[in-house]
Structures are given as C-alpha cells and as structure tokens.
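In: sequence below, structure please.
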Amino acid sequence: MVYKFTQEQRDLVYKLSMWGLPQEHICTLIHDGMSVHALKQHFEVELRKGRAAAGSKITETLYNRAINGDNSCLIFWCKTQLGFRETSRFEVTGADGGAIKMEANAGELSDDQLAGIIEKGNNSKNDH
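Out: Next comes the predicted model:
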C-alpha cells in the first residue's frame with residue numbers, strides 16, 4: 001500500500017526542518033516507524049527548502065544586527081563573510097632595539113651540530 005502524505009504533513013516537515021529538528025524526530029512526528037531514508041525520499045523538497053529558509057532568515061537577522069551596530073555580529077560577519085581574522089604579532093629585539101646577541105660555546109656542541117651550523121652558513125652564502 002502506498003501511503004499518501006497530506007499537505008498538512010508536508011507543511012509540518014518544512015517547518016520542523018526549518019527549526020532544525022533532527023530528521024529522526026521528524027520521522028516520528030510524521031508517521032511513526034518511518035525511516036530517515038523514506039523521509040528524504042518523500043519529503044526531499046520540504047527538507048531542503050526548510051533548511052534554506054532557516055539559513056536565509058538567520059543570515060538576514062545577523063546582517064541587520066550587524067548593520068545596527070551589534071559589535072559581536074559585526075565581528076562575526078567580518079570574519080565569516082569578509083575573511084577577517086585576529087592575529088597576534090610579537091617582535092623581539094635585543095638591547096635598544098638592536099639585534100639579539102646569541103652566544104654559543106662551541107665546546108658544548110656535538111660534531112654533527114657544528115657541521116649543521118657550517119652547512120647552513122655555506123648555504124646562506126650561496127643564496128646571495
């Protein structure tokens with residue numbers, strides 16, 4: 001037997017999908033025992049349009065709040081829609097803003113470490 005779904009059930013699926021109710025719960029409310037697969041098969045349009053309507057309304061609300069000066073919404077919008085990001089930058093300098101002086105006691109370094117330092121120095125000379 002093929003079950004015929006009413007317009008009232010279709011409207012309910014749309015509304016519940018828009019509200020974000022999990023599809024398993026929608027199944028129980030529409031036809032007890034209905035699988036999520038059957039829900040998607042019979043109510044694909046209502047599920048898709050419900051989610052789209054919710055996203056549209058929430059985006060509109062966020063946008064309006066941002067335009068009206070809600071700082072949290074402004075920041076969120078800028079980060080998600082405009083690619084803004086928060087960064088921290090630290091600059092470390094030596095005395096009086098000069099270079100950092102680094103001293104190493106070559107006697108404390110292994111032969112491999114010394115060879116690595118020499119190799120890096122040779123490579124940097126060749127790069128110029």
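In: in contact with L29, which residues?
Out: Counting by CB atoms under 8 Å, 6 or more residues apart in numbering, L29 touches 12, 16. Quick note: C-beta positions are derived from backbone N, CA and C, even for glycine.
In: buried residues in the helix or strand hosting it?
Out: Secondary structure assignment for L29, by DSSP states H and E: helix 23-30. Buried residues in helix 23-30, counted by 16 or more other CB atoms under 10 Å: 23, 26-27, 30.
In: I'd like those residues written out as TSV, with distance to A106 and pLDDT added.
Out: Shown next, in TSV, are those (distance: CB to CB, whole Å; pLDDT from 0 to 100):
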residue	distance to A106	pLDDT
Q23	68	97
I26	72	96
C27	74	95
I30	78	92
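In: just curious, which of those residues is nearest to W77?
Out: Set against W77, the nearest of the buried residues of helix 23-30 by CB to CB is Q23 (29.5 Å).
In: related to what we said a few turns ago, what is the nearest of the buried residues of helix 23-30 to T80?
Out: Checking these against T80 with CB to CB, the nearest one is Q23 at 25.8 Å.
In: on the three-state scheme, the residue of the chain positioned farthest from its centre is what?
Out: Most distant from the centre of the chain: G107, at 50.1 Å, with distances by CA atoms, centre = their mean. Assigned by DSSP: H, G, I helix; E, B strand; the rest coil, the conformation of G107 is helix.
In: where's it relative to A115, distance?
Out: Separation of G107 from A115 (CB to CB, to the nearest Å) stands at 15 Å.
In: repeat that for K40.
Out: Taking CB to CB, one finds K40 at 64 Å from A115.
In: now swap in G94 and tell me
Out: Applying CB to CB to G94 and A115 gives a distance of 28 Å.
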